[in-house]
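**Student:** Let me see the structure of the following:
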Amino acid sequence: MKHNTFLSSDQKTTSHFICWEPERKAIGTFQIIHGMAEYIERYHDFAKYLNDLGFIVVGHDHLGHGESVTEDEPKHGYFGKGESVSFVLEDIHQVKEWIGKNYPDLPHFMLGHSMGSFALRNYLQLYRSEISGAIFMGTGKNAAMLPLALSLTKGLNLAAPEKQNKWLDHMAFGSFSKQFPETGSFNWLSKNQDNVREYEEDPLTGFTFTNNGFYTLFRLVDGANRDGWAQNIDQDLPILVISGEQDPVGDFGKGPRKVAKELDEAGIKDVSLVLFAELRHEILLENEKKEVYKAIGAWLQKRLDSDTKD
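**Tutor:** Residues are numbered from 1 along each chain as shown. As a prediction, the model looks like this:
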């Protein structure tokens, strides 16, 4: 595991990323786009599994997350002044370009989890080629209250962008924990309560977003769900939609099903949907994570085999 940095597209923040290299000959590259209020090193075990398959794995900490935050740079949950959505998408592209430059001629796959899935759905509308497959994990539709949320957070972002907003956090996620028997605000993340406790105790996870963070998040969700979004994605791009069916972000399976359906109706030729009936939001950190790993590994191998035949 190698740590590295790059200059964010905000032109001032030193962004952190990690590269996990396999011991065997590489068969492909795999880019992870992490979710809200977490950081890339949480994907270490999954990255090592992919290494064993032969993939070089790379992922960065978004602005306002993990080690892309220092005392002199934006606080946690703050993406920056200006076009913060563009910062998020262009930083993803910078990492993708770094991978291509350092590991050329290998098929490249991308996975976005949760907020990262909405970012990836936006990204693929801008950059339509040079990707061998994409995975949307922990994704959904989440469009009903978006106009109100965007209007509200636009004003708050202008007035006090760096202020943490606990009220918005409660409005957006407060109902999630009520769906499950365990106590705590983050029980919806996993039925694996060891993971929930680690999340609650880690200072780099579960922090409250700023007004700027929420405005950026809702704009990413909006861009991923607006009418015709799927029609802007390359029809030849294989896509896997994978989630836990007990995930409230995906409205308990309804969201991922709608996303897969929209992709299919948009003419995407290779769309796969995998739902794990008993799992919640962080399917890579459930006790059954090896089943999730294997499902992703099998999907990747099938796309590699298809590329070889072509």
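**Student:** For the rest of this, base every contact and every neighbour count on C-alpha atoms.
**Tutor:** OK.
**Student:** just the strands in the stretch 151-300 of the chain please.
**Tutor:** Applying DSSP state E, counting those that start in this stretch to the stretch 151-300 of the chain gives strands spanning 239-244, 271-276.
**Student:** so the first one versus strand 271-276, what angle?
**Tutor:** Taking axes from the mean of the first three to the mean of the last three CA atoms, to 10 degrees, strand 239-244 and strand 271-276 form an angle of 10 degrees between their directions.
**Student:** Tell me which other helices or strands strand 239-244 touches.
**Tutor:** Counting contacts by 3 or more CA pairs under 8 Å, 6 or more residues apart in numbering; DSSP states H and E, strand 239-244 packs against strand 133-137, helix 254-265, strand 271-276.
**Student:** winner for burial among the ones you listed?
**Tutor:** Mean neighbour count (mean count of other CA atoms under 10 Å) peaks for strand 133-137 among the helices and strands packed on strand 239-244, with a mean of 25.
**Student:** And the closest residue in space to Asn232 that isn't next to it in sequence, how far from Phe118?
**Tutor:** Leaving aside its chain neighbours, Asn232 sits nearest to Gln125 (5.0 Å; criterion: CA to CA, 6 or more residues apart in numbering). Applying CA to CA, to the nearest Å, the value for Gln125 to Phe118 is 11 Å.
**Student:** So the residue nearest to Asn232 belongs to a helix, correct?
**Tutor:** Yes: applying DSSP: H, G, I helix; E, B strand; the rest coil, one finds Gln125 inside a helix.
**Student:** okay, Gln125 and Phe118: which has more neighbours?
**Tutor:** Neighbours per residue (other CA atoms under 10 Å) separate Gln125 from Phe118, with Phe118 holding more: 28 against 17.
**Student:** all helices for the stretch 1-150 of the chain, in order.
**Tutor:** Using DSSP state H, counting those that start in this stretch, the helices of the stretch 1-150 of the chain run over 44-53, 84-102, 115-126, 146-159.
**Student:** Adding mean pLDDT and distance to Pro256 as columns, could you present these in TSV?
**Tutor:** TSV is the format used below for those (pLDDT from 0 to 100; distance: least, CA to CA, whole Å):
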stretch	mean pLDDT	distance to Pro256
helix 44-53	98	21
helix 84-102	97	22
helix 115-126	97	11
helix 146-159	93	18
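**Student:** Go through these and pick out the most buried.
**Tutor:** Comparing the helices of the stretch 1-150 of the chain by mean neighbour count (mean count of other CA under 10 Å), helix 115-126 ranks first with a mean of 23.
**Student:** can you give me how far it is from the chain middle?
**Tutor:** Centroid separation for helix 115-126 versus its chain: 8 Å, with CA atoms, centre = their mean, to the nearest Å.
**Student:** Stretch 119-130 now?
**Tutor:** From the chain centre to the centre of stretch 119-130 is a distance of 13 Å (CA atoms, centre = their mean).
**Student:** ok so, going back, how much space between the residue nearest to Asn232 and Lys141?
**Tutor:** Using CA to CA, we find Gln125 at a distance of 16 Å from Lys141.
**Student:** is it true that Leu120 touches Phe109?
**Tutor:** No: Leu120 lies out of contact with Phe109 (CA atoms under 8 Å); the separation is 11.4 Å.
**Student:** Tell me which residues touch Ser117, please.
**Tutor:** Counting by CA atoms under 8 Å, 6 or more residues apart in numbering, Ser117 touches 33, 35, 111, 135-139.
**Student:** Now the two most distant members of these.
**Tutor:** Spatial extent of the contacts of Ser117 (CA to CA) is set by the pair Gly35 and Ile135 at 13.4 Å.
**Student:** Can you tell me how far Ala149 is from Ile92?
**Tutor:** Distance of Ala149 to Ile92, computed by CA to CA: 25 Å.
**Student:** My error: substitute Gly59 in the last question.
**Tutor:** 9 Å.
**Student:** Common neighbours of these two, please.
**Tutor:** Ile33.
**Student:** picking that back up, now for Gly35 and Ile135: what residues contact both?
**Tutor:** 112, 117.
**Student:** Output the below-cut-off pLDDT ranges for this structure.
**Tutor:** Counting by pLDDT under 70, the chain contains low-confidence ranges at 71-74, 144, 307-310.
**Student:** okay, which residue is most central for it?
**Tutor:** Gly116 (2.0 Å; CA atoms, centre = their mean).
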